[in-house]
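Q: Any chance you could fold what I've pasted below:
(2 chains)
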Amino acid sequence: MTATLTPAEAPAPAAPEPAAAAPRKKRKRPTFGMIFAVTFLVGLTFLAFFADYLPFIRYPDDKIKGGARYGIGPGWEAWFGTEKLGRDVFARCIYGAKYSLQIGVYATIIGLIAGGFLGVLAGYYRGWVDRVVSIIIDCLLAIPALLFAILLVNRLDDVKETAEWLNWLTRQWQIVLALSILATAPLARIVRAQTMSLREREFVLAARSLGAKPARVMFREILPSLVPAMLTVAFTALSILIASEGALAFLGLGLEIGTPTWGTLIQENRTKIYDAWWATIFPCLMLFLTVLSFNIIGDGLSRRFDIRQAGV
Amino acid sequence: MRYVLQRLLQFLIVFFIVTFGVMVLIRLGLNAPGDPARTLLGGSVSDEMIAEYTNKYRLDQNYLVQYLYWLGNFLQGDMGFSKPNSMDVSKLVLSRVMVTVLLGIYALVLALIISVPLAVRQAWKRDGRFDKSASIVTFGFVSVPGIVLAPLLVLVFVKKTEFTVGNYVLTIGGWFPRIGDKIYPWQDLGAHFQNFFVPVLVLALPLAAIYTRILRGDMVQTLQADFITLASAKGVPPRRVLWVHALRNSLLSLLTAVGGQIGGIVGGALIVESYFAMPGMGNLLVAAILSRDFFIVQSVAAILVITVVLTNLVVDLLYAVLDPRIRHARALA
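A: This next block holds a predicted model:
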């Protein structure tokens, strides 16, 4: 973060700078939670994206023979046990991670771009632009988020049948689209509030008096200062979106049938929870730990940058 | 007063836009004439019936006319007819609303009962052992999605389960088995609470965690204010300082949290009702969206929007009642 803010053209007087910054605060050691969160997420991402090449992860549809009616319990043969059809729960969890993380990250990125754009516009121009954006935000926040996502995903199913040009829209992109709209509103609200205070600062005034165009002021002067806030909110949004994706999958609006995601795994196996608790509890655990990790990182960042998270 | 009018206007604008948007969204892809009625009535119906329905609800007109017509009917309490349920939507909604409302109210009350004492205790000895461990627990519960908490609690509470891990057998649960379909309090009060306990817990625990974190944060700040020092200095007992002086001042942020989470409760109720197969509005709504029973979708969505926005409005106005500082600031503005 600091690298983007210090001017790149002046590398020479680098030595005295740390001394000037030193009395501010001693560098704090990262907390245990932070270490856990980062390790867990990096490990999970690694496993998920190299799952096809790692020898100890089975393919999600491979069946393991043997075991009781509801599959084998967790053990050496299958780390998280097997579910009722004999498929390895660990492998399915890892492949599920791939889809969940992908959807969450894409949706957050789209939400960041849309929310950031709307927020900066509203905060900078104020007046009627602000009023329009505020109404959009209010409307998006008025309708329960999950309900809106269900409606949108389900509707896009039908729309793409009638519209030729929407062929590229797979279920995954439908979910990404629905979730990113959900993420837009709170992001736009926070960016708007921050922009409003930033636009009164001296460096913005300086840029404007030098004759910079509004677009340049917004995206070259104000936007870089918004990065910490947006990054912080992005992590919190990511945790919420991944949970929502799980909820959507649970309600039957997940990816194509047969694709393992955490929500689908929970939904498929929950009726057998008394006989085969592992098939439900391990996907639950994965989902929980992922959401928790993103929350820990978001919380850590918000403390680091001193940002209050209103409305997320 | 001007402020109240302004907020009411905002409420109306949001209501119109959202309900219109929902209507357009649910009818997307139904372009051919007769399509909406056919979807509404299901596969095998006569052409006369389709024509009758199309005519009755103006389904052949453009969206705006349809919307105004629907809105007029909605405001008079006529929400249309649902063929799959063979019932008027208004009656259907009335029969379902009870479960969701009870679920929400129980969860809210339980969350407040848990969170207020917890937060006060935390703020009292800030950074103490209790505060730190409670912070970790609440942070964990903030991060638990409903679909994760529900199976866990089911496993723990609902049915007796034997875990076999190696040679050890661990038996837990069986304290809150579900009893038949006695959902309503007037049928059988004991069974009602037994049936509601686990679903309410699923909703209430994350909610309580959110409230606790917010209230604790605010109380920690309030306790550093000058008037607290003054109260302590003039000899008000510490207990009274904490529970009356500090808590009253911090309740505002708790109120904001309660108002802001209403949408969250509705979304959570959706999952919980679906998980526990409870006949509530959320369940009705999901089924209706999937089968495109659009009168139900429109009406329930409208009711939800009214609930959410109106709650926020009331909370906002309550602010002024509770806090003279805000009242005066608004009077000046």
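Q: which sections of the stretch 51-200 of chain A are below the confidence cut-off?
A: A:54-58, A:60-78, A:86, A:163-167 (pLDDT under 70).
Q: what do you get for the stretch 151-300 of chain B?
A: For the stretch 151-300 of chain B, residues meeting the criterion pLDDT under 70 lie at B:160-183, B:185, B:187.
Q: what does it put close to chain A?
A: Proximity of the stretch 151-300 of chain B to chain A, by CB under 8 Å from any CB of the partner chain, involves residues B:151-152, B:154-155, B:159, B:161, B:163-164, B:260, B:263-264, B:266-267, B:270-271, B:274-275, B:285-286, B:289-290, B:297. From N, CA and C alone the C-beta is placed, and that goes for glycine too.
Q: just checking, what packs against the longest helix along chain B?
A: In chain B, with assignment by DSSP state H, the single longest helix is helix B:89-124. Using 3 or more CB pairs under 8 Å, 6 or more residues apart in numbering or on different chains; DSSP states H and E, the elements in contact with helix B:89-124 are strand B:81-82, helix B:129-142, helix B:189-222, helix B:247-260, helix B:262-276, helix B:281-291, helix B:294-322.
Q: Would you point out which residue of the stretch 51-200 of chain B is nearest chain A?
A: B:P145 (3.7 Å; CB to the nearest CB).
Q: Now do the helices in chain A.
A: So, for chain A - with DSSP H - the helices run A:2-5, A:16-21, A:32-49, A:89-125, A:127-142, A:145-162, A:171-198, A:202-209, A:214-216, A:223-250, A:262-269, A:277-305.
Q: from those helices, which stretch is densest packed?
A: Counting by mean count of other CB atoms under 10 Å in any protein chain shown, helix A:262-269 has the highest mean neighbour count of these, with a mean of 26.
Q: Who are the packing partners of that helix?
A: Secondary-structure packing of helix A:262-269 (3+ CB pairs under 8 Å, 6+ apart): helix A:89-125, helix A:223-250, helix A:277-305, helix B:146-153.
Q: Can I get these in CSV including distance to B:G217?
A: Below are the helices and strands packed on helix A:262-269 laid out as CSV (distance: least, CB to CB, whole Å):
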stretch, distance to B:G217
helix A:89-125, 25
helix A:223-250, 16
helix A:277-305, 12
helix B:146-153, 23
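Q: and A:I35, which of the ones you listed is closest to it?
A: Smallest distance to A:I35 across the helices and strands packed on helix A:262-269 (CB to CB): 9.6 Å, for helix A:277-305.
Q: I'd like the distance from that closest one to the chain centre, please.
A: Here the centre of helix A:277-305 is set off from its chain's centre by 11 Å, with CA atoms, centre = their mean, to the nearest Å.
Q: which helices and strands does it pack with?
A: So helix A:277-305, by 3+ CB pairs under 8 Å, 6+ apart, packs with helix A:32-49, helix A:89-125, helix A:223-250, helix A:262-269, helix B:129-142, helix B:146-153.
Q: Of all these, which one comes closest to B:Q194?
A: Per CB to CB, nearest to B:Q194 of those: helix B:146-153, 13.7 Å.
Q: and the angle for that closest one with helix A:145-162?
A: For helix B:146-153 against helix A:145-162, the angle by axes from the mean of the first three to the mean of the last three CA atoms, to 10 degrees is 120 degrees.
Q: how about helix B:146-153 as CSV, C-alpha atoms only?
A: Listed next in CSV are the C-alpha coordinates belonging to helix B:146-153 (Å, rounded to 0.1, in the frame of the first residue of the first chain):
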residue,chain,number,x,y,z
GLY,B,146,-27.0,-20.0,8.8
ILE,B,147,-26.6,-23.1,6.7
VAL,B,148,-23.6,-24.1,8.9
LEU,B,149,-25.2,-23.4,12.2
ALA,B,150,-28.4,-25.2,11.4
PRO,B,151,-27.0,-28.7,10.9
LEU,B,152,-24.7,-28.3,13.9
LEU,B,153,-27.5,-27.4,16.2
